[in-house]
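Engineer: task: produce atomic coordinates for the following.
(chains A and B)
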There are 2 protein chains.
Amino acid sequence: MNLLLIAIACGVIAVLYGILTSRQVLASPAGNQRMIEVSGAIQEGAAAYLRRQYTTIAIVGVVVAAVIFFFLGGLSAAAFLVGSILSGAAGFIGMNISVRSNVRTAEAARSSLQKGLTVAFRAGAITGMLVAGLALLAISVLFWYLTGPAGYAPNDRSVVTALTALALGASLVSIFARLGGGIFTKAADVGADLVGKVEAGIPEDDPRNPAVIADNVGDNVGDCAGMAADLFETYVVTVGITMVMVALLVGAGDLLVPLMTLPLLIGGVCIITSIIGTYMVRLGAKGSIMGALYKGFWTATLLAVPAIFGAAWLALDGNLSQTVATTNGTSFPAINLVWTSFIGLAVTALIVWITEYYTGTNYRPVQSIARASQTGHGTNIIQGLAISLESTALPTVVIIAGLIGSYQLAGFLGVAFAASAMLALAGMVVALDAYGPVTDNAGGIAEMSGLEDEVRHRTDALDAVGNTTKAVTKGYAIGSAGLAALVLFGAYTADLREFGSQIGVSTDLDTLFSLSNPYVIVGLLLGALLPYLFGAMGMTAVGRAGGAVVEEVRGQFRDNPGIMDGSVRPDYARTVDLVTKAAIREMIIPSLLPVLAPIVVYFVIGAVGGKENGLAAVGALLLGVIVSGLFVAISMTSGGGAWDNAKKYIEDGNYGGKGSEAHKAAVTGDTVGDPYKDTAGPAVNPMIKITNIVALLLLAALAGGAH
Amino acid sequence: MNLLLIAIACGVIAVLYGILTSRQVLASPAGNQRMIEVSGAIQEGAAAYLRRQYTTIAIVGVVVAAVIFFFLGGLSAAAFLVGSILSGAAGFIGMNISVRSNVRTAEAARSSLQKGLTVAFRAGAITGMLVAGLALLAISVLFWYLTGPAGYAPNDRSVVTALTALALGASLVSIFARLGGGIFTKAADVGADLVGKVEAGIPEDDPRNPAVIADNVGDNVGDCAGMAADLFETYVVTVGITMVMVALLVGAGDLLVPLMTLPLLIGGVCIITSIIGTYMVRLGAKGSIMGALYKGFWTATLLAVPAIFGAAWLALDGNLSQTVATTNGTSFPAINLVWTSFIGLAVTALIVWITEYYTGTNYRPVQSIARASQTGHGTNIIQGLAISLESTALPTVVIIAGLIGSYQLAGFLGVAFAASAMLALAGMVVALDAYGPVTDNAGGIAEMSGLEDEVRHRTDALDAVGNTTKAVTKGYAIGSAGLAALVLFGAYTADLREFGSQIGVSTDLDTLFSLSNPYVIVGLLLGALLPYLFGAMGMTAVGRAGGAVVEEVRGQFRDNPGIMDGSVRPDYARTVDLVTKAAIREMIIPSLLPVLAPIVVYFVIGAVGGKENGLAAVGALLLGVIVSGLFVAISMTSGGGAWDNAKKYIEDGNYGGKGSEAHKAAVTGDTVGDPYKDTAGPAVNPMIKITNIVALLLLAALAGGAH
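Structural biologist: This next block holds a predicted model:
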């Protein structure tokens, strides 16, 4: 139990770090009257949006909680609610920090680049540590309560189901937040750009644009709140499912508690290395912002190596060579779980590097899109799509290598630990990501408040890096989600083995899950379809909501000619309200798709081909979603990032620079990339996991629940 | 043996129909001097391209033939060569008919729309019947030779391997032809449009555009020769693999020969119904061209119902209720194979209908893209991508329903017969498709020869329909390929069962192929990657080659100002030559990807995880390619078709019509859709099958060949 307390303590440290650092940030000056006014409008819009979003999610959440209560009992329903509330809280806190730091970053950038960087990065780090800390606390405290006061055995079914329900709560909020926030931010962005930049010819973030506040609100509710909820979810799901796998595969024995606690401990120590990492973020002699951020990231990653080793040493009482024997007959020395954790770190590092290659302005992919822009809009898009397809190859190979390596060392448990170790770095990665919207907003505020040009240049420099870190985080999130989802799938098969007789499945699992069973093929096809359908809905939603923004902005310009000459202020709130309503409306149906799909497939295929084939089809569906979702998500997030930076590359003076024909084509590419990388692509990540978690709970419900 | 002769006779009838009808077409007047000149230039360019393409393919073909000879013996090598040569011949004949009919269609359109339609459709029908006839003859005669003069038992391994090698020959040529032709046609098209329409502001097919002849050559070598080789391949592979499945699953017995011959017989009778269908293509009172073509298609399809029934009656000697017992323990009444064939027809009809919905100007998808064009290039692309993702859903559901239905009725044999029945209609479908490039060229010739405006209006009307029929054919090709590939995968598992001990695989197949084997997951991921990588290569190739055309055309305009005022004729041949070289160069590496992938995966995964897991990974790779390829191909072909027709819809006077801002955005969408629908998308189809066939031959080679 001591070990668990260490993990809980690390979580508390993360929260304390968050509280102390936010005091520091909030203590820095908030700028002049106009800046405070602008930032107030953004705050108000973001809060109004999140309020409405959470109200809607609450309705869905209560229904799902009732269903869980009915089929799986009160404990699971409570765990589900805890997961949802904390996932929502992570997003809410992230947004609140972000909308208060943006103006302070702008003000700090008036003195120097370093000061701007410090405020913006600290703001990101607060969100990062709170996400990781809250996630770790949620699982650790739940596990402590269940195995302590509540008196369950660690591998009791109730514990497994409660951990899974906790994960579902986190995932459900996260898919709504990702999708709703993603639709909001991109509808506002696309709408603002199309009328503002393209039609009216006014610069980005011009205060005359009625959609400008909505655009800035979007950065906070999409890139910040949505992303925070997403990574909270990924953390809870991955660490939770790793514990579940230990419970399922290690069985009762001396190693059960240490190995179930180890993922929590790894998460805990990595929070400490991440906090140390945040203090390394400082501009060097060359003044490279990316270099400064990477110093923090690499510190956290390299320190994680001895830290994880130490955690394992502690958990296993110094005996790392003892044998772990799993219930499915394999065994391996315990130290292999340390090696697989290192594989997880290596996968993280490689994916970060590959994503930077595909989305950074220094490399072939982005430059090839910029070059293609010279021959027009069409060739920009063709090359962008080609890069987006191509960008899936290396990450897939890395994930495959990680999968094989960790499986060879320790079976599915090894894969689970690799995924957990990836997520252990989440605090640092979220810090890098959450830094992005803060700087983006700071630039907007500088522009709208008419600050000195120099300030805008500094915030632009900070923001350009934010583009890459955002892409990198998404690559990391989807890569870790891929591994985590494979573990979830492993849990499904392990559960099916255990529940088989209770559900009334007589066939041997291998026969059922054989690729030569046509229902497996059917499941794979249906699973592969989900990300496509989901992506189509996300893209259409942005198109539709963006179109509505265009109409609204055009209307305001038409009805009120004073806006363009600066004599009248546009009605920002009306635009924010319009985007809010549109985003909420559009997020519901696609978010329910992965929740309902496994249930519908089980009952429909079960009716046609029998219960056993229904379960086989659901299993294959899970794998189909993972396989297809991985490619859809990577191609969308990397492709979108590449388009975005191809525009930036041209704006840096290449191929004619700003205002050239090539630049116009690149703006088109950027517009297309927006919903790709910020709406549809990242939302595929929670979608994959929800499908898997719902399937796990479906099995539990079919087996009679865990009342 | 009588039954086989009937099938051969039907093949001969198809060839005779082709010869007689081409005499009719060639006897119709070829127009004035200028028209003959233009068409001569197109002919020359197309012939030069195909010559170079076939020379390159021949080199690869000889190497592959040598490898096959070494590992699998002379018979298979010979069958491989026959398959390649005939696949090449199908493309060559199609191209030759097409380049001679284009000018005659233009001339006929001077008298009336009906006359133009007649010539163009007859030209298409010649190609269609020759493709189906030659494919049927290739398999029937090979089967006749092997089981007659050569004296093998019908289910002898040598027969199975020879049929597979025949299929590989057809597939290999087809992937080169699809990809090379696809790159040629779209590079020329994109290049011609970008400089001609967009920069110089001259209309499509304007004789002043140096890329105009290359563009017209492209229609013939891509849409016509490439497509003919593709469907020849699909036909041979599908019918061949159905016979192989019978040989593997039915085993020695009275039913072996009848059931192996039945797919050939079904192909034969459907050639006759298709020929009857071609005579039904006539404009009705409303003058609807699409209606006229559909009359032919529906006649062929509906007549196929009694024809297939009759063929089965004949093959089974009137006893349709006798029991077919398969070697894997299932049994069903023989008439179920008739029902599954009808499922194949139903799947064809539904896919045709769905594809028309997604690509026709009368429905929501195309209109939504047109509407989105009003807000600019970016929203046009976003909506197009959304539609392209969405368009995968219904065809997948139809294929799944067909798969479940036919499997329930007759196991994998049922799926095979459903796929065969789909392909039996190939003659008619190719006729509809090959009609497209003829009318497209006719319009070009009319424009370049300065014929009356009325003629161009008539050819435009014919061509607009060609757009939809081309999309429909691609939907059909990929749908049938999906089913055929599943049968190929079934053959892989059946083969593995049979060869297992010879190769030294001791594990039970179900365990090996279980989704809980991580090497299966690895294989699925690698397989899913292939279409993405292949698509990326195809798109990049078009972008690169198109860019070269842009440079070339700009150069000609610059060096020779007389071109724009019409006083000097541009150097068409130089552009054709440039595109030829680029297309050949670009087609090689992507075409080899699916050939090498299964072999590399087997050896690499085999080295890491053992031979058995190597075979499991290859099996999963096949399924991964199918699952992912289906979505990539459908989304690309339907999405591309929708973009194309959204432009047409605007040109018909909607949302501002030609020259409006919406039209410019729609032109961008069309440009993007071009390599999607005509290069990368359709080439995924042979790619899926090659991967599967290579894996089958790999198994045969590992088992010691069939010397």
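Engineer: find the closest residue to chain B in the stretch 101-250 of chain A.
Structural biologist: For the stretch 101-250 of chain A, the residue closest to chain B is A:Leu194, as judged by CB to the nearest CB, at 5.6 Å. Glycine gets a C-beta too; all of them are placed from N, C-alpha and C.
Engineer: ok now the helix ranked longest in chain A, how far from the chain's centre?
Structural biologist: Scanning chain A for the longest helix, with DSSP state H as the assignment, gives helix A:453-503. On the basis of CA atoms, centre = their mean, to the nearest Å, helix A:453-503 sits 5 Å off its chain's mean C-alpha point.
Engineer: right, and the helix or strand after that helix?
Structural biologist: Elements were assigned by DSSP states H and E; along the chain past helix A:453-503, the next helix or strand is helix A:509-512.
Engineer: chain neighbours aside, what residue packs nearest to A:Ser635?
Structural biologist: Of all residues not flanking A:Ser635 in the chain, A:Ser388 sits nearest, at 4.4 Å (CB to CB, 6 or more residues apart in numbering or on different chains).
Engineer: surely the residue of the stretch 101-250 of chain A closest to chain B meets A:Glu552?
Structural biologist: No. Between A:Leu194 and A:Glu552 there is no contact, the gap being 11.7 Å when judged by CB atoms under 8 Å.
Engineer: circling back: what sits against the residue of the stretch 101-250 of chain A closest to chain B?
Structural biologist: The neighbours of A:Leu194, taking CB atoms under 8 Å, 6 or more residues apart in numbering or on different chains as the test, are A:546, A:550, A:671, B:375-376, B:378-379.
Engineer: which of those residues sit farthest apart?
Structural biologist: Set against one another by CB to CB, the contacts of A:Leu194 have their most distant pair in A:Val550 and A:Thr671, with a gap of 11.6 Å.
Engineer: can you classify the residue of the stretch 101-250 of chain A closest to chain B as helix, strand or coil?
Structural biologist: Under the three-state scheme (DSSP: H, G, I helix; E, B strand; the rest coil), the conformation of A:Leu194 reads as helix.
Engineer: in the stretch 351-500 of chain A, what residue comes closest to chain B?
Structural biologist: The nearest approach of the stretch 351-500 of chain A to chain B comes at A:Gly378, 3.1 Å away (CB to the nearest CB).
Engineer: ok, that residue touching B:Ala666?
Structural biologist: No. When contacts are counted by CB under 8 Å, A:Gly378 is not listed as touching B:Ala666 (11.1 Å).
Engineer: which one's more surrounded, those two?
Structural biologist: Relative neighbour count places B:Ala666 above the other of A:Gly378 and B:Ala666, with 32 against 28, counting by other CB atoms under 10 Å in any protein chain shown.
Engineer: let me see the confidence value for the residue positioned nearest the centre of chain A.
Structural biologist: Closest residue to the average C-alpha location of chain A: A:Asp230 at 3.7 Å, with CA atoms, centre = their mean. The model reports A:Asp230 with a pLDDT of 88.
Engineer: please report how far it lies from A:Ala541.
Structural biologist: Separation of A:Asp230 from A:Ala541 (CB to CB, to the nearest Å): 17 Å.
Engineer: now A:Ala426
Structural biologist: The span separating A:Ala426 from A:Ala541 equals 28 Å under the rule CB to CB.
Engineer: mind listing what's buried in the helix or strand where A:Phe70 lies?
Structural biologist: Secondary structure from DSSP H and E places A:Phe70 in helix A:33-72. For helix A:33-72, the neighbour count (16 or more other CB atoms under 10 Å in any protein chain shown) marks A:35-36, A:38-39, A:41-50, A:52-54, A:56-57, A:60-61, A:64-65, A:68-69, A:71-72 as buried.
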